[in-house]
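Undergrad: sequence unavailable; structure follows:
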DNA sequence: AATGCGAAGGTCAGGAATGGTCAGACGGAG
DNA sequence: CTCCGTCTGACCATTCCTGACCTTCGCATT
């Protein structure tokens, strides 16, 4: 049975299809109103269906003229593989784990040699001296940079 | 939806473009009148969109024949400026600080609109739920992504 | 020169319009 | 019955915009 969350998910995905640039902007209150549900329901759908593991990036702003922008990053096969890898990064990762992923991405031509070196360097730099949650920070940094790269090849 | 503040911002930026010397002088009451808003709305736009962080200088004078002058600070060398901005990120940064930097980089053509949206989104998601050192994490993520971008234009 | 007035612009508190978060209710599958 | 995915409502945070009140400056009058 399709839950309301499923229905809203489908709706947003259709909008993304229609958009042709994989970006859709919604108004939380209005969307909630048209589906006759609580506004927070929209957040639930976004959290569970349009998170980064699934290849989406959400950007939002509060206040007058506020909005929620949903960006799909991932379309073809390369994207799918990279997206999967990004999803696999998880909450924390070791330096060795970073290396493994970088090698795979380099081999498949997603990252240049220079890219790999830079990413490794930046991660080293930014995690140096961090005493707690180093693996977590590493995961976040790697994911951030890969998301940025992923977007580029989709332009 | 574009708010009135956004519209006024665009208008002023267009005027700056047209000016060819990156200086534009406005009359607060008159501008407010043409946009049918309160004069203080103009101040709001100036404070939030044309502040020093975003690379503008505001000079004004009260009294009869008063004026507001908006000056866009020139950025001759993109590379140097970006490097300087990255340096300015420092150890920690607020969401607004991120925004200011992104807008500057966007205005000078270093980041595309999509880039900006993605970077904002990634940072929002990676810092969500982090209770301690959020500002620090934000700084690291932003720096990492900007370094990656900076490498690209130097290839 | 001193004073007074009108014409700018500045400040700030607060209301309205958005979106975010989180504890807990609810209900179906095991 | 217990667990897990849904869904809601109360409360919070952020951004926009206005109106009342304040400050500064030029100029005419005295």
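TA: Thanks, I have it. Since this is a predicted model, take the numbers as computed values, not measurements.

Undergrad: hey, let's count contacts and neighbours off CA atoms from now on
TA: Will do.

Undergrad: what's around residue A:34, how many residues?
TA: Neighbours of residue A:34 under the rule other Cα atoms under 10 Å in any protein chain shown: 8.

Undergrad: torsion angles phi and psi at it?
TA: Dihedral pair for residue A:34: phi -70, psi -20, per degrees, to the nearest 10.

Undergrad: before we move on, what about residue A:131?
TA: phi -90, psi -30.

Undergrad: state the pLDDT value of it.
TA: Per-residue pLDDT puts residue A:131 at 84.

Undergrad: residues near it, how many?
TA: Neighbours around residue A:131, by other Cα under 10 Å: 7.

Undergrad: for it, give its distance to residue B:93.
TA: 20 Å (Cα to Cα, to the nearest Å).

Undergrad: all strands of chain A, in order?
TA: Secondary structure of chain A (DSSP state E): strands at A:23-26, A:56-61, A:67-72.

Undergrad: distance between the ends of stretch A:29-49?
TA: End-to-end distance (Cα to Cα), stretch A:29-49: 19 Å.

Undergrad: quick one on the thing from earlier: out of the strands of chain A, which is closest to residue B:146?
TA: Nearest of those to residue B:146, taken as Cα to Cα: strand A:56-61 at 17.8 Å.

Undergrad: the closest one: partners in the sheet, and parallel or antiparallel?
TA: Using DSSP bridges, strand A:56-61 pairs in its sheet with strand A:67-72 (antiparallel).

Undergrad: low-scoring stretches of chain A, by residue?
TA: Within chain A, the stretches falling below the threshold (pLDDT under 70) are A:1, A:74-80, A:109, A:153-155.

Undergrad: contacting residues around residue A:127?
TA: For residue A:127, the contact set (Cα atoms under 8 Å, 6 or more residues apart in numbering or on different chains) comprises A:134, A:137-138.

Undergrad: tell me the one of these nearest residue B:54?
TA: Taking Cα to Cα as the measure, residue A:137 is the one of the contacts of residue A:127 closest to residue B:54, at 28.4 Å.

Undergrad: from memory that closest one sits against residue A:89, does it?
TA: No: between residue A:137 and residue A:89 there is no contact under Cα atoms under 8 Å: 11.4 Å.

Undergrad: which helix is the longest one in chain A?
TA: For chain A, the longest helix by residue count, based on DSSP state H, is helix A:134-152.
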